[in-house]
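Q: sequence? don't have it. structure:
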């Protein structure tokens with residue numbers, strides 16, 4: 001941006017779980033003309049690395065804050081809140097939410113995730129831009145924290161019913177539209193309370209209205225229906241759901257007078273928060289840890305045998321966490337947890353922090369172990385330095401000219417370290433092998449469909465493209481990450 005000139009309006013579009021190969025297929029078959037135009041006139045990265053665990057709350061927090069879970073403090077989809085001695089469930093499945101109580105799950109997802117769980121020590125894009133007097137706007141997205149107060153709406157019978165549960169105001173962007181629960185103005189758009197299959201259309205309708213009325217400088221356009229479609233039908237069925245997302249981008253362009261007119265006034269960044277891989281079998285952690293004293297889903301703090309719980313188990317799609325609740329037995333329980341997990345068919349990697357006084361992570365598999373800590377002699381592709389010992393082949397790590405890289409587990413050390421150092425994470429983190437998923441607290445899984453969450457490249461490499469903003473070339477970074485998106489937004493507006 002030239003000094004003294006006003007930047008173009010910026011639309012950041014998040015297409016949930018968009019797999020780069022499926023975007024390429026959608027473009028090549030003519031099913032995604034808007035995305036094709038953006039790619040042709042901009043820059044494309046087809047290996048942008050997700051956070052770990054590669055589940056939506058963690059990745060959304062990294063996109064919105066530009067940092068990993070060690071700093072934004074959102075650890076997973078399902079996790080154990082040590083301070084409140086209870087599980088937090090953000091909606092892994094309908095049945096999982098039912099297990100913990102719908103009201104509690106919805107309260108955690110819609111209110112607590114932003115107002116309590118997301119660290120106060122980091123700023124979201126909305127907070128940064130609101131403070132710079134940039135006009136912000138956002139559609140339904142897990143991370144919405146901003147500076148503007150919004151009351152619950154009661155425009156329809158459905159939202160009046162919802163207001164019996166959702167009563168409290170929140171702070172979000174200047175223009176805020178969240179599943180009909182919050183709406184900063186009347187648009188005539190209905191989201192059916194964010195039901196799958198309706199969310200993209202609601203987001204496109206609201207965003208078109210905002211463009212027609214010139215109500216934003218920065219817009220977050222969230223298109224989550226691709227993730228739902230892929231969970232049900234598998235990641236290789238994404239072409240139709242990517243085509244549906246593309247229609248909503250076209251809708252914005254037409255609201256501005258057509259694609260050329262849109263790009264004259266607007267820049268665009270499009271990203272996926274993670275990818276997905278095919279699921280063929282499930283992993284039952286509850287059966288595997290039946291011999292441990294397991295914390296029950298409701299906070300009774302007493303096991304069936306009357307003893308205090310030893311561990312809390314938190315499956316989140318293709319990742320999982322095991323918390324040690326009996327802290328005096330930590331040294332005994334962590335190795336036992338790891339042995340139990342690695343004996344399970346489908347568990348790929350287990351991770352924990354060692355007792356090394358300088359801080360050290362350990363990643364184990366049936367084939368060996370890697371120990372690592374920041375500050376060593378080896379660089380990774382993100383420019384971070386590491387000291388590494390053990391079996392590099394476990395993570396597919398190679399060293400060339402002093403640079404560590406892995407095609408199988410991209411940015412493995414940086415992502416694992418950030419997850420392990422998150423204060424809300426468990427003592428032991430698990431990553432599933434390709435083809436496997438952990439059964440959730442409701443007994444649900446996506447066998448026959450797609451899922452994500454692991455450290456593996458199948459789940460972790462997404463799309464990032466930009467047009468009218470950002471670097472001239474995708475070669476500006478050796479390895480792109482979700483953490484690079486917020487700096488691009490800030491740079492676009494010069495804040």
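A: Great, that's in hand. All values reported here derive from a predicted model rather than from experimental measurement.
Q: for the longest strand along the chain, packing partners?
A: Assignment by DSSP state E gives strand 368-380 as the longest strand of the chain. Under the contact definition 3 or more CB pairs under 8 Å, 6 or more residues apart in numbering; DSSP states H and E, strand 368-380 sits against strand 361-365, strand 385-390, strand 403-405, helix 412-420. The way it works is simple: take the backbone N, C-alpha and C, and place the C-beta from them, glycine included.
Q: out of the ones you listed, deepest packed?
A: Most buried of the helices and strands packed on strand 368-380, by mean neighbour count (mean count of other CB atoms under 10 Å): helix 412-420, with a mean of 25.
Q: ok, then the element right after it?
A: strand 428-432 (DSSP states H and E).
Q: strands paired with whatever helix or strand comes next after that next one, and their directions?
A: The element immediately downstream of strand 428-432 (helix or strand, assigned by DSSP H and E) is strand 435-438. Here strand 435-438 is paired, per DSSP bridges, with strand 277-283 (parallel).
Q: From the rest of the structure, what touches the helix or strand just after the partner strand?
A: Per DSSP H and E, strand 277-283 leads on to helix 285-288 as the next helix or strand towards the C-terminus. Here helix 285-288 makes contact (CB atoms under 8 Å, 6 or more residues apart in numbering) with 294, 313, 315, 320, 322, 340, 341, 343, 344, 438, 439.
Q: Now do the buried residues in the host helix or strand of residue 36.
A: Assigning secondary structure by DSSP H and E places residue 36 in helix 33-41. For helix 33-41, the buried set under the neighbour-count rule, 16 or more other CB atoms under 10 Å, comprises 33, 34, 35, 36, 37, 38, 39.
Q: Turn those residues into CSV, including pLDDT and distance to residue 137.
A: Converted to CSV, the buried residues of helix 33-41 look like this (pLDDT from 0 to 100; distance: CB to CB, whole Å):
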residue, pLDDT, distance to residue 137
33, 98, 25
34, 98, 19
35, 98, 21
36, 98, 26
37, 97, 23
38, 98, 20
39, 97, 25
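Q: Can you tell me which of these is closest to residue 49?
A: Among these, residue 39 lies closest to residue 49 (CB to CB), at 19.6 Å.
Q: Check the gap between that closest one and residue 482 for me.
A: Using CB to CB, to the nearest Å, we find residue 39 at a distance of 19 Å from residue 482.
Q: do the same with residue 312
A: Taking CB to CB, one finds residue 312 at 27 Å from residue 482.
Q: need the strands for the stretch 201-350 of the chain, in chain order.
A: Remark: strands assigned in the stretch 201-350 of the chain by DSSP state E, counting those that start in this stretch are 218-223, 266-271, 277-283, 311-316, 319-324, 347-353.
Q: Counting by contacts, list what the helix of greatest length in the chain packs against.
A: Taking DSSP state H as the criterion, the chain has its longest helix at helix 238-255. Judged by 3+ CB pairs under 8 Å, 6+ apart, helix 238-255 is in contact with strand 9-15, helix 20-28, helix 33-41, helix 199-212, strand 218-223, helix 225-233, helix 259-265.
Q: Which SSE is immediately downstream of the helix or strand of the chain with the lowest mean pLDDT?
A: Here the helix or strand of the chain ranked lowest by mean pLDDT, DSSP states H and E is helix 157-162, holding a mean of 50. Using DSSP H and E, the next helix or strand after helix 157-162 towards the C-terminus is strand 170-172.
Q: just checking, what packs against that next one?
A: Short answer (3+ CB pairs under 8 Å, 6+ apart): strand 170-172 packs on strand 148-150.
Q: Okay, now the sheet partners of the strand it packs on, with direction.
A: Counting by DSSP bridges, the strands paired with strand 148-150 are strand 170-172 (antiparallel).
Q: ok, residues contacting the strand it pairs with?
A: By CB under 8 Å, 6+ apart, strand 170-172 touches 110-111, 114-115, 126, 138, 144-150, 178, 182.
Q: could you say what helices and strands the helix holding residue 36 packs with?
A: Identification of packing neighbours for helix 33-41 by 3+ CB pairs under 8 Å, 6+ apart yields helix 20-28, helix 238-255, helix 259-265, strand 266-271, strand 461-467.
Q: do you know which of the ones you listed lies nearest residue 282?
A: Comparing the helices and strands packed on helix 33-41 by their distance to residue 282 (CB to CB), the top pick is helix 238-255, with 22.0 Å.
Q: between that closest one and helix 33-41, how many degrees?
A: Interaxial angle of helix 238-255 relative to helix 33-41 (axes from the mean of the first three to the mean of the last three CA atoms, to 10 degrees): 80 degrees.
Q: Need the contact partners of helix 238-255.
A: 11, 13, 15, 17-19, 22-23, 25-26, 29, 31-35, 38, 200-201, 203-205, 207-209, 211-212, 221, 223, 225-226, 229-230, 259, 261-263, 268, 270, 276.
Q: That one - what's its average pLDDT?
A: For helix 238-255, the mean pLDDT works out to 97.
Q: between that helix and strand 266-271, how big is the angle?
A: Using the same axes, to 10 degrees: helix 238-255 against strand 266-271 is 170 degrees.
Q: show me what contacts the residue lying closest to residue 436 once chain neighbours are set aside?
A: Spatial nearest neighbour of residue 436, chain neighbours left out: residue 346 (3.3 Å); criterion: CB to CB, 6 or more residues apart in numbering. Going by CB under 8 Å, 6+ apart, residue 346 touches 281, 282, 283, 432, 433, 435, 436.
Q: The first one - nearest residue in space that isn't next to it in sequence?
A: Counting by CB to CB, 6+ apart, residue 436 is the residue found nearest to residue 281 once chain neighbours are left out, at 5.4 Å.
Q: do the same with the fourth one
A: By the measure of CB to CB, 6+ apart, the closest residue to residue 432 outside its immediate chain neighbours is residue 318, 4.3 Å from it.
Q: still on that earlier bit, nearest to residue 473, out of the helices and strands packed on helix 33-41?
A: strand 461-467 (10.8 Å).
Q: pLDDT below threshold where in this protein?
A: Scanning the chain for pLDDT under 70 picks out the ranges 1-4, 154-165, 192-197, 299-306.
Q: Give the buried residues for stretch 210-229.
A: Across stretch 210-229, burial judged by 16+ other CB under 10 Å covers 210-211, 215-229.
Q: cool, stretch 251-270 as well?
A: Those would be 251-253, 255-256, 259, 262-263, 266-270, for stretch 251-270 by 16+ other CB under 10 Å.
Q: gap between it and the chain center?
A: The chain centre lies 26 Å from the centre of stretch 251-270; the measure is CA atoms, centre = their mean, to the nearest Å.
Q: can you check stretch 118-134 too?
A: 18 Å.
Q: next one: stretch 125-141
A: With CA atoms, centre = their mean, you get 19 Å for stretch 125-141.
Q: can you list the residues that contact that stretch?
A: 12, 14, 60, 64-65, 144-148, 172-179, 191, 194, 199, 202-203, 206-207, 210, 215-222, 224, 486, 489-490, 493, 495.
Q: Please apply the same query to stretch 324-334.
A: For stretch 324-334, the surrounding residues in contact (CB under 8 Å, 6+ apart) are 80, 292-293, 295, 308-312, 337, 352, 355, 426-428.
Q: rerun at 10 Å
A: Contacts with stretch 324-334, where a contact means CB atoms under 10 Å, 6 or more residues apart in numbering, come from 80, 82, 85, 292-295, 301, 307-312, 322, 336-337, 350, 352-355, 362, 426-428.
Q: picking that back up, just the buried ones from the contacts of stretch 125-141?
A: Among these, those classed as buried by 16+ other CB under 10 Å are 12, 14, 60, 64-65, 144-147, 172-179, 191, 194, 199, 202-203, 206-207, 210, 215-222, 224, 486, 489-490, 493.
Q: rewinding a little: quick one: closest of the helices and strands packed on helix 33-41 to residue 76.
A: strand 461-467 (18.2 Å).
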